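Trainee: below is the sequence, then the predicted model.
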Amino acid sequence: MDKMKIIGGDRLRGTIKVSGAKNSAVALIPAAILADSPVTIEGLPDISDVHILGSLIEEIGGSFSFDGKEAVIDPTNMVSMPLPNGKVKKLRASYYLMGAMLGRFKKAVVGLPGGCHLGPRPIDQHIKGFEALGATVTNEQGAIYLRAEELRGARIFLDVVSVGATINIMLAAVRAKGRTIIENAAKEPEIIDVATLLSNMGAKIKGAGTDVIRIDGVEKLSGCRHAIIPDRIEAGTYMIAAAATNSEVVVDNVIPQHVESLTAKLREMGVRVETGEDQILVCGTDVLKAVDVKTLVYPGFPTDLQQPFTALLTKANGTSVVTDTIYSARFKHVDELRRMNANVKVEGRSAIVTGPVKLQGAKVKASDLRAGAALVIAGLMAEGVTEITGVEHIDRGYSNLVEKLSDIGATIWREKMTDEEIEQVKNA
Ligand SMILES: CC(=O)N[C@H]1[C@@H](OP(=O)(O)OP(=O)(O)OC[C@H]2O[C@@H](n3ccc(=O)[nH]c3=O)[C@H](O)[C@@H]2O)O[C@H](CO)[C@@H](O)[C@@H]1O
Ligand SMILES: C=C(OP(=O)(O)O)C(=O)O
């Protein structure tokens, strides 16, 4: 187990390259199960979620070869093996194995997913969708059992706009008989990416990226080659890091439209942001204005950037209110920021941040992925040394974060934790 150390205060300068999108990657890999021949995905991020999903693919008889950039998934010899626990609990996106295996085998057993603890994360809308398609779904001792004689297209109105439910229903519906219409669908770019892969495999999908998606089921899907979209949350994290350290950084391999809500907020704070075709230049400033932020579904401000953005706001002049309308308890980073001298408190679904303060290096713990990103940004801003444990959460979603930040001038490195330190963190 590793910890991360940062000596804060460095100005960053140069170009940082964004990897493929985690939230696409973790859906594209299960989507490949639906093909009858190998699927190649270019630009996959080298993150633990991808490695774990790869080994789940192997557990059910597929092959997954990944060189850190490109993966070939061969689903030819797969079987619908039960996956009631074990690795499925290590990530959220294992729920996509439900839709994909149901689509291919008409049956699946998959344990309830893990992922970041951000308050309740039910999957009732996924189940409602599978049932509408004709599946019988039961929850037995924490595992979801799905079975269908045949899948039939249906009209499904999502009660909650859900990225996971939209994609999962799409995965099952591409192999259903007839037309499925998902209404009140989520519109995140990752949904378009998955629909693009499925379409290249032979699926008939219209409307991905809008709130009504129409899917006409097909008999057969075949392998193809697909290039993943860049990770807008990773891009956003580095844009925030540049603003937080008053630096001049080019974020490369980004679709500027995907991060417009963040770009607008940074500009409101006084940060100069210039967008090109697939690059964004961020030029920090000494004096940042406080702003209010409310997380919303796409194209609103993403909840996944709420925690890193809160770290930046500790440096802004005045009081900022950050409200998370998606997750009720996505505030575990707040106590850790307070250890670093931040003036921030949680009231209901909001964090109230008063600045500016000079953060101080401290020993802190990442409780989840984006809490980890928030602490990295805080560490880059802080005076002295910040030591972050819980690095395995960061590894779920950031490919080579230490190398990428070091290359543009940050003083950041990883160290192995001693057995005693591991014990201390476990008992804390
Ligand atoms: C692997 C992946 O892509 N994870 C992303 C995905 O998570 P995930 O797909 O889990 O998030 P959803 O979009 O489903 O969740 C949005 C909201 O709907 C609620 N809900 C969801 C499903 C359901 O059946 N019932 C229900 O009530 C959730 O509790 C949450 O409050 O979208 C989130 C919201 O953009 C991001 O934070 C996560 O990074
Ligand atoms: C919440 C996140 O991930 P997951 O849904 O995989 O837990 C995230 O990427 O910020």
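Mentor: Here it is on my side, so go on. Ligands and ions are numbered 1, 2, ... in the order given.
Trainee: when you work out contacts or count neighbours from here on, use the C-alpha atoms and nothing else.
Mentor: OK.
Trainee: if I pick whichever residue of the stretch 201-350 of the chain sits closest to ligand 2, what's in contact with it?
Mentor: The minimum distance from the stretch 201-350 of the chain to ligand 2, using Cα to the nearest ligand atom, falls at Asp304 (4.3 Å). Counting by Cα atoms under 8 Å, 6 or more residues apart in numbering, Asp304 touches Ile233, Arg370.
Trainee: looks to me like it is in a strand.
Mentor: No - under DSSP: H, G, I helix; E, B strand; the rest coil, Asp304 falls outside any strand and is assigned helix.
Trainee: may I have the distance across stretch 85-105, first residue to last?
Mentor: Terminal residues of stretch 85-105 lie 19 Å apart, using Cα to Cα, to the nearest Å.
Trainee: one more: stretch 388-398?
Mentor: End to end - Cα to Cα - stretch 388-398 spans 15 Å.
Trainee: got it, and stretch 60-73?
Mentor: Stretch 60-73 stretches 12 Å from its first residue to its last (Cα to Cα).
Trainee: how about it: buried residues?
Mentor: Buried residues in stretch 60-73, counted by 16 or more other Cα atoms under 10 Å: Ile60, Gly61, Gly62, Ser63, Phe64, Phe66, Glu70, Ala71, Val72, Ile73.
Trainee: which two among these are spaced furthest apart?
Mentor: Spanning the widest gap among those are Ile60 and Glu70, at 20.7 Å by Cα to Cα.
Trainee: and Pro252, bridged to which residues?
Mentor: Small correction: residue 252 is Asp, not Pro. Beta-bridge partners recorded for Asp252 (DSSP bridges): Lys17, Gln279.
Trainee: separation between Gly207 and Asp216?
Mentor: According to Cα to Cα, Gly207 stands 12 Å off from Asp216.
Trainee: I'd like to know how far the spatially closest residue to Gly134 that is not a sequence neighbour sits from ligand 2.
Mentor: In this structure, Gly134 finds its nearest non-sequential neighbour in Leu151, 5.3 Å apart by Cα to Cα, 6 or more residues apart in numbering. Per Cα to the nearest ligand atom, to the nearest Å, Leu151 is found 27 Å from ligand 2.
Trainee: just checking, Leu151 touches Thr136?
Mentor: No - applying Cα atoms under 8 Å as the test, Leu151 and Thr136 come out as separate, 10.5 Å apart.
Trainee: more crowded one of these two?
Mentor: More neighbours surround Leu151 than the other of Leu151 and Thr136, with 24 against 15 (other Cα atoms under 10 Å).
Trainee: OK, contacts around the more buried one?
Mentor: Contacts of Leu151 by Cα under 8 Å, 6+ apart are Gly103, Lys106, Leu133, Gly134, Ala135, Ala172, Ala173, Arg175, Ala176, Lys177.
Trainee: count the residues that sit near the second one.
Mentor: Neighbour count of Lys106, defined by other Cα under 10 Å: 22.
Trainee: give the rounded mean pLDDT of stretch 252-260.
Mentor: The average pLDDT for stretch 252-260 rounds to 98.
Trainee: go ahead and confirm Asp10 touches Leu380.
Mentor: Yes - assessed by Cα under 8 Å, Asp10 is found in contact with Leu380 at 7.0 Å.
Trainee: quick check: neighbours shared by those two?
Mentor: Shared contacts of Asp10 and Leu380, defined by Cα under 8 Å, 6+ apart, are found at Thr245, Ala410.
Trainee: more neighbours: the two, which one.
Mentor: In this view Asp10 and Leu380 are compared by other Cα under 10 Å, and Leu380 has more residues nearby, 30 against 18.
Trainee: tell me the SS of the more buried one?
Mentor: Put simply, Leu380 is helix when judged by three-state DSSP.
Trainee: for it, give me its contacts.
Mentor: Listed by Cα under 8 Å, 6+ apart, the contact partners of Leu380 are Ile6, Ile7, Gly8, Gly9, Asp10, Ala241, Ala244, Thr245, Ala410.
Trainee: closest one to Asp231 out of those residues, please.
Mentor: Looking at the contacts of Leu380 and their distance to Asp231, the nearest is Ala241, at 15.5 Å (Cα to Cα).
Trainee: which residue ranges of the stretch 1-150 of the chain form helices?
Mentor: Shown for the stretch 1-150 of the chain, the helices assigned by DSSP state H, counting those that start in this stretch span residues 22-31, 48-59, 96-105, 124-132.
Trainee: quick one on the thing from earlier: so which of the contacts of Leu380 comes closest to ligand 1?
Mentor: Set against ligand 1, the nearest of these by Cα to the nearest ligand atom is Ala241 (19.2 Å).
Trainee: who are the packing partners of the helix or strand harbouring that closest one?
Mentor: Applying DSSP states H and E as the criterion places Ala241 in helix 232-244. Other elements packing on helix 232-244 under the criterion 3 or more Cα pairs under 8 Å, 6 or more residues apart in numbering; DSSP states H and E are strand 248-252, strand 279-283, helix 306-313, helix 369-381.
Trainee: quick one: work out the angle between that helix and strand 248-252.
Mentor: Computed by axes from the mean of the first three to the mean of the last three Cα atoms, to 10 degrees, the angle separating helix 232-244 from strand 248-252 equals 170 degrees.
Trainee: how far does helix 232-244 sit from the chain's center?
Mentor: 14 Å (Cα atoms, centre = their mean, to the nearest Å).
Trainee: average pLDDT across it?
Mentor: Across helix 232-244, pLDDT averages out at 98.
Trainee: what angle sits between that helix and helix 306-313?
Mentor: On the basis of the same axes, to 10 degrees, helix 232-244 is oriented at 10 degrees to helix 306-313.
Trainee: for helix 232-244, give me every contacting residue.
Mentor: For helix 232-244, the external contacting residues (Cα under 8 Å, 6+ apart) are 12, 16, 18-19, 21, 248-249, 251, 254-255, 258-259, 262, 266, 271, 282-285, 304-305, 308-309, 312, 315, 373, 377, 380-381, 398.
Trainee: residues of this protein that sit close to ligand 1?
Mentor: 23, 92-93, 120-126, 160, 162-165, 303-304, 326-327 (Cα under 6 Å from any ligand atom).
Trainee: Thr180 pairs with what?
Mentor: Legend: beta-bridge partners of Thr180 under DSSP bridges are Ile215.
Trainee: so where do the strands sit in the stretch 301-428 of the chain?
Mentor: For the stretch 301-428 of the chain, the strands defined by DSSP state E, counting those that start in this stretch cover 316-324, 343-347, 350-355, 363-365, 385-389, 411-416.
Trainee: any chance of these in JSON lines, plus mean neighbour count and mean pLDDT?
Mentor: As requested, the strands of the stretch 301-428 of the chain are exported to JSON lines (neighbours: other Cα atoms under 10 Å; pLDDT from 0 to 100):
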{"stretch": "strand 316-324", "mean neighbour count": "21", "mean pLDDT": "98"}
{"stretch": "strand 343-347", "mean neighbour count": "17", "mean pLDDT": "97"}
{"stretch": "strand 350-355", "mean neighbour count": "22", "mean pLDDT": "97"}
{"stretch": "strand 363-365", "mean neighbour count": "19", "mean pLDDT": "97"}
{"stretch": "strand 385-389", "mean neighbour count": "22", "mean pLDDT": "98"}
{"stretch": "strand 411-416", "mean neighbour count": "16", "mean pLDDT": "97"}
